[in-house]
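*Asks:* next one to model:
(one chain, ligands or ions: 1)
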Amino acid sequence: MKNVKVEIINKSKYPLPEYATIGSAGADLYANIDEDMILRQGEISLIPTGIYIKLPVGYEAQIRARSGLSLKHGVTLVNGIGTIDSDYRGEIGIIITTLKNEPFRVTPGMKIAQMVISKHEIAEFTEVENLDETDRGKGGFGHSGV
Ligand SMILES: O=c1ccn([C@H]2C[C@H](O)[C@@H](COP(=O)(O)OP(=O)(O)OP(=O)(O)O)O2)c(=O)[nH]1
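*Replies:* Numbering: from 1, shown residues only. Predicted coordinates:
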């Protein structure tokens with residue numbers, strides 16, 4: 001089901017992101033590079049996609065890792081999940097590294113990450129002195145045990 005209209009410019013040599021399977025959340029993003037790029041443990045790289053989007057207000061795009069590359073090669077996004085704001089008009093870039101002590105070669109056109117379009121709330125923050133009490137209170141970060 002395709003239910004959100006997103007304007008997109010594709011300056012890359014690769015296909016537009018598609019939702020290949022009905023119900024699939026992540027649209028593939030391709031490495032829009034002319035030459036191989038080598039990812040090294042602890043080094044941060046920015047991979048261009050050649051993709052520019054205009055999202056409706058109240059939507060964001062989330063850039064997420066691909067689990068196959070993560071499991072097999074330790075490839076991970078440095079920022080966890082990348083946020084593409086609805087008013088951003090620049091090129092979508094992938095901030096990436098490898099956790100493995102083994103170089104990873106990104107080749108032109110490799111499906112390097114995926115993009116999920118997500119609706120979000122727009123919060124109005126009201127500054128107060130105290131928050132209401134709850135059973136949990138300040139307990140967190142595993143306080144309830146394993
Ligand atoms: O993985 C990412 C993350 C962000 N962006 C782009 C789109 C996003 O709208 C913009 C700014 O991202 P963010 O708000 O996370 O960065 P910031 O460090 O807070 O920068 P800014 O002050 O420009 O908002 O950068 C990407 O292309 N890829």
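*Asks:* could you use CA atoms for every contact and neighbour count after this?
*Replies:* OK.
*Asks:* can I get stretch 131-145 as CSV, trimmed to CA atoms?
*Replies:* Coordinates of the C-alpha atoms in stretch 131-145 are reproduced here as CSV (Å, rounded to 0.1, in the frame of the first residue of the first chain):
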residue,chain,number,x,y,z
LEU,A,131,6.3,16.0,36.8
ASP,A,132,3.6,13.8,38.2
GLU,A,133,4.6,10.9,40.4
THR,A,134,4.5,7.3,39.1
ASP,A,135,5.3,3.8,40.5
ARG,A,136,8.4,3.7,38.3
GLY,A,137,9.6,7.2,39.3
LYS,A,138,13.2,7.6,38.4
GLY,A,139,13.8,3.8,38.0
GLY,A,140,15.2,2.9,34.6
PHE,A,141,18.2,1.5,32.8
GLY,A,142,17.5,-2.0,34.0
HIS,A,143,16.3,-1.3,37.6
SER,A,144,13.6,-4.0,37.3
GLY,A,145,16.3,-6.7,37.0
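*Asks:* buried stuff in stretch 33-52?
*Replies:* Ile33, Met37, Leu39, Arg40, Ser45, Leu46, Ile47, Pro48, Thr49, Gly50, Ile51, Tyr52 (16 or more other C-alpha atoms under 10 Å).
*Asks:* then stretch 84-94?
*Replies:* By neighbour count on 16+ other C-alpha under 10 Å, the buried set for stretch 84-94 is Ile84, Asp85, Glu91, Ile92, Gly93, Ile94.
*Asks:* give me the distance between the two termini of that stretch.
*Replies:* In stretch 84-94, first residue to last residue: 11 Å (C-alpha to C-alpha, to the nearest Å).
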